[in-house]
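Peer 1: Got a sequence here, can you model it:
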Amino acid sequence: MNGYKASDHTAKAGVLVLAAGKGTRMYSSLPKVLHPLLDKPMIWYLLNTLNSIFAARTMVIGGHGFDQLKTALHEWNSLLIHQEQQLGTGHALQVAWPAVQEMDIDWLVVINGDTPLITDLHIQMLMEQVQKKDADIGFISLTLPEPGSYGRVLRGTDGEPEAVVEAKDFIASGRHFAEINEVNSGLYVFKTASVEKILFLLDADNQQKEYYITQLIALGLKKGLKVVAFNAGNCPELLGINTSGELLRQEEWVRARIVDRFIEQGVIIRARDSVRIGAEVEISPGAEITGPAEIFGKSTIASECKIKSHCFIEDSFIDKAQVFSFSHVVKSVIGKNVKIGPYARLRPGTTLHEGASAGNFVEIKNSTVGSGSKINHLSYIGDTQMGCSVNIGAGTITCNYDGRCKHKTIIEDRVFIGSNTALVAPVRVQRESMIGAGSTITRDVSPGSLSIARSRQKDMEGKNPLKTNKKE
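Peer 2: Numbering: from 1, shown residues only. Prediction:
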C-alpha cells in the first residue's frame, strides 16, 4: 500500500456500502450485489477490501432481496441495515444515519456495492486528499471514452466541481452526451458533522423521482461546504457493474489478474485463457494446470501437483497428486502420489491417502481410502472407511442407503474385492479377505476368508424363448 496504514486516515472513519438496488438491467431476481464474479458474489470482493481497513466499522444497507443478502453476509463482521423502501441512494444514507451517529465517527466513506474491484489504496488516497485539503465532501471521478449511463461531473470555469448530474437528468436538460465525459465513480468521503447539516434537505425533483446522494455536492456548495473531486482517469477498478456484460468484463479482468499472478509465482498454467481460479485458492510454485480448468473455493494445490484439462475442483486440498481430465473434485483431500480419473467424481467428505487411486468413472462420497488402495474403474464407494492396499474390482458398489438412513461400510487392510460386487451396509469386510466376483455381501466377512455370495448357475437346455423350431 505504498506506506499507507489504516490508522493514517481511517482511524475515525466508517464505511457504508449501498447494496439495496434491484439491478433491473441484470434481468434477475437476485440482488445485484450477489451476482457471482468467478465463484464469489461481487460484494464479497468489496467487503474483503473494506474489512482490512475499517473492520467493525463497516455498514451495509440492503433492500431488494434483503433476506438473501443477510444470508450471504453472515461471515462478515458488518452491520446490516434494512432500507424497506428503495427511494434512492440519498434516502439510503438517510435511513443509515442513526447507525452512523451511534458509530461515533468523524468521517464516512460511502461506496456502491456493485464496485467489487476498488482497492484499499483508492480509499486511502481519497481520504488523504480530502483531509489534506480540509474538505467536507470528496469523491473520485473517472474520464471515460463512452460515459453511457454514469452520472456526469459538472465543473465551473475554475475547474472545481459544481454538481453531479445523473444521466437521465443530464439528457433531460438538453445537454449532449459528447459535451462531458467525466463521470462519478460512486466513491465518496463525507465529514459527518458537515453532511448532517444538509442530508435531510435532499429532494426527489428529478427524472427518477428518487433522493440522490449526488445532490449533496450541489447542496454542500450552496451551504458553503468545501467539495473536492479527484479524477482517476479511465480506471476499470472503479467502474460499477450494471449489466451482465459489465459483470462478465470485470470477471475476465479479475480472472486474468489471478492467473497471471500465479504464473509469475512459478505455477505452470497452460491454455491460460481457459483457466478460472477463485480469489481464495492457493497454488504452490511448481504445480501444473492445463486448461480448460476451474479451481474455486478454499482449494489448495501443492507443488508438483498436475491438474489436466477439463477438471473442476472446489474447496479441496490436493498434494503432489495427478488429476486426469474430466474429473470433478469437491470438498475432498487428496494425498501424495494419488491418481484421480479420468472421469472421476469425488464428492464432499472424501479423503484419499498416499498412493491410492480412483480411476475412470469412479464416484466416491464421504469416504476414506487408505494408502495404496485401488479403485480403478466403474465403482461407487459411499460412506466407507477403507484400509490400506485394498483392491476394488470394476463395478463394485456400496449400498449405503436403505431408503431412510445412510449406513457405513468398513473394508479393512489388504482386502481383495472381485468385480461387480455389492456391499450392503452396514457391513465389515475384515483384513486380508477376498470376495468373489458378482457377490452380494450382506454379512460381515471374517479375516483371511474367501466369501462368495451368488446363486448357482442353472442352464435349461432347449428353453430359449427366442429360438424357433422351424427348419431353415
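Peer 1: gap between the longest strand along the chain and the chain center?
Peer 2: Taking DSSP state E as the criterion, the chain has its longest strand at strand 182-191. Centre-to-centre, strand 182-191 and its host chain are 27 Å apart (CA atoms, centre = their mean, to the nearest Å).
Peer 1: Same question for whatever helix or strand comes next after that strand: list its buried residues.
Peer 2: Tracing the chain past strand 182-191, the next element assigned as helix or strand by DSSP states H and E is helix 192-195. Counting neighbours by 16 or more other CB atoms under 10 Å, one finds that the buried residues in helix 192-195 are 192, 194, 195. (C-beta placed from N, C-alpha, C; glycine too.)
Peer 1: Mind giving me the packing neighbours of helix 192-195?
Peer 2: Packing partners of helix 192-195 (3 or more CB pairs under 8 Å, 6 or more residues apart in numbering; DSSP states H and E): strand 107-112, helix 215-222.
Peer 1: any chance of these in JSON lines, with mean pLDDT, mean neighbour count and distance to residue 362 too?
Peer 2: Converted to JSON lines, those look like this (pLDDT from 0 to 100; neighbours: other CB atoms under 10 Å; distance: least, CB to CB, whole Å):
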{"stretch": "strand 107-112", "mean pLDDT": "96", "mean neighbour count": "24", "distance to residue 362": "47"}
{"stretch": "helix 215-222", "mean pLDDT": "96", "mean neighbour count": "21", "distance to residue 362": "61"}
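Peer 1: Out of those, which gets nearest to residue 414?
Peer 2: Proximity of those to residue 414 was assessed by CB to CB; the nearest stretch is strand 107-112, lying at 60.9 Å.
Peer 1: List the contacts of that closest one.
Peer 2: Defining contact as CB atoms under 8 Å, 6 or more residues apart in numbering, one finds that strand 107-112 is touched by 10, 12-18, 46, 50, 54, 93, 100, 118, 123, 126-127, 130-131, 186-192, 195, 213, 240.
Peer 1: that older thread, now render the helices and strands packed on helix 192-195 as CSV, adding distance to residue 432.
Peer 2: Shown next, in CSV, are the helices and strands packed on helix 192-195 (distance: least, CB to CB, whole Å):
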stretch, distance to residue 432
strand 107-112, 65
helix 215-222, 79
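Peer 1: which among the contacts of strand 107-112 end up buried?
Peer 2: Looks like the contacts of strand 107-112 have 10, 13-18, 46, 50, 54, 93, 100, 118, 123, 126-127, 130-131, 186-192, 195, 213, 240 buried, using 16+ other CB under 10 Å.
Peer 1: In strands, which of the residues you listed fall?
Peer 2: Per DSSP E, strands hold the following members of the buried ones among the contacts of strand 107-112: 13, 14, 15, 16, 17, 18, 186, 187, 188, 189, 190, 191.
Peer 1: Kindly present those as CSV, with separate columns for pLDDT and distance to residue 411.
Peer 2: Shown next, in CSV, are these (pLDDT from 0 to 100; distance: CB to CB, whole Å):
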residue, pLDDT, distance to residue 411
13, 94, 59
14, 95, 57
15, 96, 54
16, 97, 57
17, 97, 52
18, 96, 56
186, 92, 59
187, 96, 59
188, 97, 62
189, 97, 63
190, 97, 65
191, 96, 69
